[in-house]
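Asker: after the sequence you'll find the predicted model.
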Amino acid sequence: MSASRIVVLISGSGSNLQAIMDACQSKQIGGEVVSVISNKADAYGLTRAENAGIETCVLSHKDFSSREDYDAQLAQLIDSFDPDLVVLAGFMRILTPSLVQKFKGKMLNIHPSLLPKYQGLNTHQRAIDAKDDVHGVSVHFVTEELDGGPVVLQAKVPILADDTADSLAQRVHEQEHIIYPLAVQWFSEQRLTMEADYAVFDNQPLPPQGAHYPE
Ligand SMILES: Nc1nc2c(c(=O)[nH]1)N[C@@H](CN(C=O)c1ccc(C(=O)N[C@@H](CCC(=O)O)C(=O)O)cc1)CN2
Ligand SMILES: NCC(=O)N[C@@H]1O[C@H](COP(=O)([O-])[O-])[C@@H](O)[C@H]1O
């Protein structure tokens with residue numbers, strides 16, 4: 001099995017990128033990150049990639065007059081690296097259907113909630129405001145529906161009485177750095193695929209909320 005070529009899209013700190021790069025380095029993932037693309041020039045994840053000797057690109061959405069024009073250029077840039085897998089790791093742009101369709105089945109995202117709860121943004125505060133006792137994180141295939149793609153893996157994180165969005169996010173991050181490399185590893189081992197509207201692992205369809213990583 002040849003090593004997977006992975007392109008990672010970021011907008012910020014890149015701690016999930018770091019976890020995936022580390023997992024490639026340790027051979028947990030049979031693949032390599034061949035490029036890191038950010039829509040923000042000041043994303044610290046770019047520094048993480050440069051420190052690891054990985055090619056970086058900045059494609060700012062502010063330089064384009066429409067979401068479609070931006071995504072057309074982004075799709076071309078991603079394609080230029082001939083990826084087996086495209087990983088959204090805190091990439092904070094909603095992707096147009098044309099780009100999603102081009103990479104459907106080989107594009108993953110990590111979302112800080114137990115999908116289908118709390119699609120969109122500000123998930124930690126929303127869970128606290130709703131007085132939930134459990135929160136978590138989901139890895140899912142990317143589809144046209146925002147955060148609506150087939151879920152691959154989830155990890156639960158209890159919400160503590162004195163939690164703030166930041167303290168909760170910190171514990172969610174810890175779980176992200178476990179389940180995202182695991183999902184990428186499964187994909188690189190060709191054990192993870194996507195059918196029309198569900199994820200498949202080891203030739204078995206995953207339940208709608210994917211597999212749960214032990215708390
Ligand atoms: N078509 C899809 N695009 C994206 C998906 C997806 O599942 N389908 N996942 C998101 C990731 N994401 C949450 O996990 C997310 C990212 C960004 C936004 C959003 O509202 N973005 C705004 C800009 C916000 C900002 O710049 O801070 C926007 O694009 O106008 C919601 C959810 C990635 N894309
Ligand atoms: N809606 C997408 C979203 O909110 N994704 C979240 O952005 C953060 C990126 O952190 P990182 O840059 O340190 O990997 C992660 O917590 C991820 O779940």
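Answerer: All right, it came through fine. Ligands and ions are numbered 1, 2, ... in the order given.
Asker: need the residues of this protein near ligand 1, please.
Answerer: Proximity of the chain to ligand 1, by Cβ under 6 Å from any ligand atom, involves residues 88, 91-95, 100, 109, 111, 120-121, 142, 144, 146-147, 149. (C-beta placed from N, C-alpha, C; glycine too.)
Asker: go through these and flag which are in strands.
Answerer: 88, 109, 111 (DSSP state E).
Asker: what sits closest to the closest residue to ligand 2 within the chain if chain neighbours are left out?
Answerer: Nearest to ligand 2, among the residues of the chain, is residue 90, at 2.6 Å (Cβ to the nearest ligand atom). Nearest residue to residue 90, sequence neighbours excluded (Cβ to Cβ, 6 or more residues apart in numbering): residue 12, at 4.9 Å.
Asker: try residue 132
Answerer: Per Cβ to Cβ, 6+ apart, closest to residue 132 is residue 159, 5.7 Å.
Asker: who's in contact with residue 67?
Answerer: 61, 93, 94, 96 (Cβ atoms under 8 Å, 6 or more residues apart in numbering).
Asker: what about the nearest residue to residue 16 once chain neighbours are set aside, how many residues nearby?
Answerer: With Cβ to Cβ, 6+ apart as the criterion, residue 16 has its nearest non-adjacent residue at 4.0 Å, and that residue is residue 89. Residues near residue 89, counting by other Cβ atoms under 10 Å, number 26.
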